[in-house]
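**Student:** Sequence and predicted structure below; questions after.
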Amino acid sequence: MPQERTSEERAAARSGWAVGVATAVYGISFGALATASGLDVWQTCVLSLVMFSGGSQFALIGVLASGGAAAGGTAIVSAALLGVRNSFYALRLSRIIGPGFWKRAAATQLTIDESTAVATAQSEPRAQRIGFWVTGLVVYIGWNLMTLAGALLGDLIGDVKAYGLDAAAAAAFLGLLWPRLKARQTQAVAVAGGFVATLLTPFLTPGLPVLAAAVVAIVVGVFNLFGRRDDPPHPEAVPMEREVEP
């Protein structure tokens with residue numbers, strides 16, 4: 001008999017669908033921009049199926065669009081820099097995913113910004129897993145379908161920014177982040193990380209500003225800068241009872 005979901009598990013699934021759909025829709029713009037950058041429909045679709053990292057994909061086609069085939073090496077380096085963050089996500093999500101070779105192999109492809117954000121926003125272990133898998137699968141399926149649609153439509157849809165699709169994923173992230181900014185330390189990390197990334201973006205290769213912002217968060221956390229005893233604890237810092245499998 002299947003175990004009935006708790007209110008937090010249902011909320012995690014809803015968050016997964018909401019973030020997943022908002023992110024997937026933006027795949028239309030990637031498909032259109034990729035074909036405009038010189039890739040054909042099949043190359044565009046394979047890129048989404050295999051690479052499946054929106055930031056890395058946009059960095060790749062952005063460099064290709066500006067430099068053509070001659071910029072291939074730079075495009076790969078830029079995409080790789082943005083993809084580095086997924087390795088850190090994998091370390092963080094290892095406990096949430098649990099053991100099992102095939103399960104971990106599948107989780108590797110779905111370890112992205114969105115699935116990590118939804119999973120870590122939950123306080124219960126099972127809700128974390130539900131958030132991860134729902135978000136990852138919705139984004140993966142939806143992103144690839146929208147990539148195909150965008151590649152086929154191409155220039156017919158015009159500027160995707162006119163439809164607000166460029167802001168959909170950012171708005172979803174803000175919705176996840178905002179409720180977690182209760183402690184002074186997390187507020188300081190958000191402000192400092194955003195400031196550093198914004199300051200460095202015009203001067204550094206795509207990917208490096210994101211890593212620099214991550215370094216800010218690590219420094220603040222390691223040295224407990226701006227932390228206070230009366231700050232609300234992080235959900236995962238609160239001891240929880242061991243989950244009993246049905």
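**Tutor:** Alright, I've got the coordinates.
**Student:** List the buried residues in the helix or strand where Val134 lies.
**Tutor:** Per DSSP states H and E, Val134 falls inside helix 125-153. Neighbour-count burial for helix 125-153 flags 125-136, 138-140, 142-148, 150-151 (criterion: 16 or more other CB atoms under 10 Å). Using the backbone N, CA and C atoms, a C-beta is placed for each residue, glycine as well.
**Student:** What ranges does this protein have for its helices?
**Tutor:** Listed in chain order, the helices of the chain (DSSP state H) span 7-25, 27-36, 41-50, 54-67, 72-97, 101-110, 113-120, 125-153, 168-177, 184-200, 208-222.
**Student:** quick one, domains of this structure?
**Tutor:** Using automatic domain parsing, the domain ranges for the chain come out as 10-180, 182-246.
**Student:** do you know how far Ala117 is from Gly16?
**Tutor:** Ala117 is 10 Å from Gly16, where distance means CB to CB, to the nearest Å.
**Student:** Need the residues touching each of the two.
**Tutor:** Common neighbours of Ala117 and Gly16, counting by CB atoms under 8 Å, 6 or more residues apart in numbering, are Thr135.
**Student:** So those two - more neighbours on which side?
**Tutor:** Gly16 (24 against 21; other CB atoms under 10 Å).
**Student:** who touches the more buried one in this structure?
**Tutor:** Residues near Gly16 by CB under 8 Å, 6+ apart: 115, 118, 130-135, 138.
**Student:** nearest spatial neighbour of it, skipping sequence neighbours?
**Tutor:** Nearest non-adjacent residue to Gly16, counting by CB to CB, 6 or more residues apart in numbering: Val134, 3.1 Å away.
**Student:** Check whether the one you found really touches Ala11, as I assumed.
**Tutor:** No. Counting by CB atoms under 8 Å, Val134 stays clear of Ala11, with 11.1 Å between them.
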